[in-house]
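>>> Build me a model:
(4 chains)
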Number of protein chains: 2
Amino acid sequence: MLSLFTAERSAWSAEDAAEQLDVSLSTAYRYFNSLVSCGLLDRIHRNHYVLGPAIIEHDWQIRMADPVLKIAKPVMIDLLRGSDGAATVLLCRLYRQRVMCIHQETNRLNDPISSYERGRPRPMLRGATSKIILAFLPTRTLTNLWRDHRDEIAATGLGATFEDFKATLKVLRRNGFCVSRGEVDAGRIGIAAPIFDGSDRIVGSLSVVLYSTETGDRSINRLAALVVAAAREIVWTIRTEPQAAVDSDTVVIAEQRRA
Amino acid sequence: MLSLFTAERSAWSAEDAAEQLDVSLSTAYRYFNSLVSCGLLDRIHRNHYVLGPAIIEHDWQIRMADPVLKIAKPVMIDLLRGSDGAATVLLCRLYRQRVMCIHQETNRLNDPISSYERGRPRPMLRGATSKIILAFLPTRTLTNLWRDHRDEIAATGLGATFEDFKATLKVLRRNGFCVSRGEVDAGRIGIAAPIFDGSDRIVGSLSVVLYSTETGDRSINRLAALVVAAAREIVWTIRTEPQAAVDSDTVVIAEQRRA
DNA sequence: GTATAATTCTCATGTAATGAGAATTATGGA
DNA sequence: TCCATAATTCTCATTACATGAGAATTATAC
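Here you go, the predicted structure:
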């Protein structure tokens, strides 16, 4: 039911929801009432239901206390310090065949470098942030992607055939990081490294976005190494200390490990 | 189930959840699996469940497309323009006997004036943002608040007896806005006006937070009038044009009405 | 490779959801 | 203030699903 609500359609009537979900009107009202009572939806006006305050509250909770973010944030802040000029560091993840930004740190608050925003779905096939994830996806998933998006894959230059596509990704995989130029936002360079879960499955990526005009090849190489190291640190910490991430001493522990 | 997850306890095991919810272990796993499959929860590690990516995504959707925010944002931006010096404009709402910030606009991105953050629960009894809401709560609700928080209410100076408490709120109500100094954040002044729903029930407030040192009495009076007018505009627009708020021309309509 | 904790599955029992449509309520306009 | 009407809630027979207990299976870390 919650997935009815999107940026394209932020409000629903009970009647429209009933039709969309193929349930009766009274069932739709029941669903709405149930979700309104726990705050996930809100009724702003007669027959207008929207996403509710519990979403906002839980998002704050994630920002404040999510174990993965607790680990990743200080690492991202360090990475930002290691970047010259304007930079944004992104932590993104795979979700629903899209790449979504989970957290960012930037040194340009007043003038955003990147179109990535927390929660915003981004293209799966463009940009270092996404391509480094692609590189580590299982073949089965790539097969599905190829079947559904072959024209777009070809258009991005990732490969005109499935074999080419896989070969391109294999190179990225061997490389361990990905550099892209202007694929999502013009005049930007993205450098990204993969983030894995405890079973070595790809779950996301860590990336830095910079202005092309401020970034030479020497910087790119230096930063790529920093990004890869930072991503590894995040992975390793999550893997070995998931419980510590829940505790309020996490930042201290992470700092000690880095020293 | 979702309400298990708070800033204080961001991760749960199935066993702890089962105990907390007074259900069997297999039922807890079922709940977890159901919520993980729709993205509201995530499993970050063996036996570690946290809030999931759907929350982040839906929060982005709210920020992008919520009908109330679409109406309120331009009004808040205008109000910010009418503020001298450092200022933050807050849109807050009542939720679960707390006041929660829904949106803010500030001219000090690098140096936050206010401890209010989107999604963060704030005190119900301190600060203009909350007190103007209190002023318009039904007596039944005030009675409950008095019963549960009488010492704190007295400590804030709102009233040593229930009658005093109600009298204080009546003054605020008559006033139509509230000014507070340093009640939530030291060295700050807050000026707030109420936001009502379509049936004239209090649902939130619009406020401006400023540095005390930058703000004289003349400014306060001028801004109070601006805040009250802005809040009224928001209320009126939501009430008369809820459908328009969903359409992408909302901002245009709101601008035309103000001209 | 293996012990063990975590997780999934099975099944009998118990509980809740659903749709259709009547009854009630809230709202906006005259 | 009144009233028509859309929105919402309620009722009830029917249908479907949830639950707990505990066995079976899987994943993980050493």
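>>> mind checking the SS state of the residue in chain A positioned nearest to DNA strand D?
Going by CB to the nearest atom of the strand, DNA strand D is nearest to residue A:26 of chain A, at 3.3 Å. Using the backbone N, CA and C atoms, a C-beta is placed for each residue, glycine as well. Secondary structure state of residue A:26, per DSSP: H, G, I helix; E, B strand; the rest coil, is helix.
>>> how close does it get to DNA strand C?
Noted for residue A:26: a distance of 4 Å to DNA strand C, by CB to the nearest atom of the strand, to the nearest Å.
>>> can you pull the pLDDT of that residue?
pLDDT for residue A:26: 95.
>>> Kindly report the same for residue A:140.
pLDDT for residue A:140: 86.
>>> Check which helices and strands the helix or strand it falls within is in contact with.
Here residue A:140, judged by DSSP states H and E, is contained in helix A:139-155. On a contact count with 3 or more CB pairs under 8 Å, 6 or more residues apart in numbering or on different chains; DSSP states H and E, helix A:139-155 meets helix A:162-175.
>>> The helix it packs on: which residues count as buried?
A:162, A:165, A:166, A:168, A:169, A:172, A:173 (16 or more other CB atoms under 10 Å in any protein chain shown).
>>> Stretch A:61-79 too?
Within stretch A:61-79, the residues scored as buried using 16+ other CB under 10 Å are A:61-76, A:78-79.
>>> Just checking that stretch against chain B, any contact.
Yes - using CB under 8 Å from any CB of the partner chain, stretch A:61-79 reaches chain B at A:61, A:62, A:63, A:64, A:65, A:66, A:67, A:68.
>>> Assign the closest residue to the third one other than its chain neighbours to helix, strand or coil.
Nearest-residue entry for residue A:63: residue A:69, 6.9 Å, with adjacent residues in sequence omitted and distances by CB to CB, 6 or more residues apart in numbering or on different chains. Classification of residue A:69 into helix, strand or coil gives helix, according to three-state DSSP.
>>> Residue A:69 and residue A:103 touch, don't they?
Yes - Residue A:69 is in contact with residue A:103 according to CB atoms under 8 Å; the separation is 5.6 Å.
>>> joint contacts of these two?
A:63, A:91 (CB atoms under 8 Å, 6 or more residues apart in numbering or on different chains).
>>> Centre-most residue in chain A?
Nearest to the mean C-alpha position of chain A, counting by CA atoms, centre = their mean, stands residue A:92 at 2.4 Å.
>>> list the contacts for that residue?
A:99-102, A:116, A:122, A:129-130, A:133, A:204-207.
>>> and it, what are its phi and psi?
phi -120, psi 160 (degrees, to the nearest 10).
>>> Neighbours of residue A:221, how many?
Using other CB atoms under 10 Å in any protein chain shown, residue A:221 has 12 neighbouring residues.
>>> Oh, that last question was meant for residue A:216, not what I typed.
Using other CB under 10 Å, the number of residues around residue A:216 comes to 11.
>>> So residue A:116: helix, strand or coil?
Per three-state DSSP, the secondary structure class of residue A:116 is coil.
>>> That one against residue A:91, yeah?
No - judged on CB under 8 Å, residue A:116 makes no contact with residue A:91 at a distance of 10.0 Å.
>>> and for the two, which residues touch both?
Counting by CB under 8 Å, 6+ apart, the residues touching both residue A:116 and residue A:91 are A:101, A:104.
>>> what about residue A:80, distance to residue A:105?
Between residue A:80 and residue A:105 the distance is 5 Å, computed by CB to CB, to the nearest Å.
>>> Overlap of the contact sets of the two?
Residues touching both residue A:80 and residue A:105 by CB under 8 Å, 6+ apart: residue A:89.
>>> neighbour-wise, which of the two wins?
residue A:105 (21 against 17).
>>> show me what contacts the more buried one?
Neighbour list for residue A:105: A:73, A:76, A:77, A:79, A:80, A:88, A:89 [criterion: CB under 8 Å, 6+ apart].
>>> ok so the last one is a helix residue?
No - according to three-state DSSP, the state of residue A:89 is strand, so it is not within a helix.
>>> distance of it from residue A:79?
Taken as CB to CB, the span from residue A:89 to residue A:79 is 5 Å.
>>> tell me the angle the strand or helix carrying residue A:54 makes with helix B:53-65.
Per DSSP H and E, residue A:54 falls inside helix A:53-65. Interaxial angle, helix A:53-65 versus helix B:53-65 (axes from the mean of the first three to the mean of the last three CA atoms, to 10 degrees): 120 degrees.
>>> Just the CA coordinates for helix A:53-65, please, in PDB.
Taking C-alpha atoms only, helix A:53-65 is exported to PDB below (Å, rounded to 0.1, in the frame of the first residue of the first chain):
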ATOM      1  CA  PRO A  53       4.800  11.800  10.100                       C
ATOM      2  CA  ALA A  54       6.200   8.400  11.100                       C
ATOM      3  CA  ILE A  55       8.200   8.400   7.900                       C
ATOM      4  CA  ILE A  56       9.800  11.700   8.800                       C
ATOM      5  CA  GLU A  57      10.500  10.600  12.300                       C
ATOM      6  CA  HIS A  58      12.000   7.300  11.400                       C
ATOM      7  CA  ASP A  59      14.100   8.900   8.800                       C
ATOM      8  CA  TRP A  60      15.500  11.200  11.500                       C
ATOM      9  CA  GLN A  61      16.200   8.100  13.600                       C
ATOM     10  CA  ILE A  62      18.100   6.500  10.700                       C
ATOM     11  CA  ARG A  63      20.200   9.700  10.300                       C
ATOM     12  CA  MET A  64      20.900   9.700  14.000                       C
ATOM     13  CA  ALA A  65      21.400   6.100  14.900                       C
END
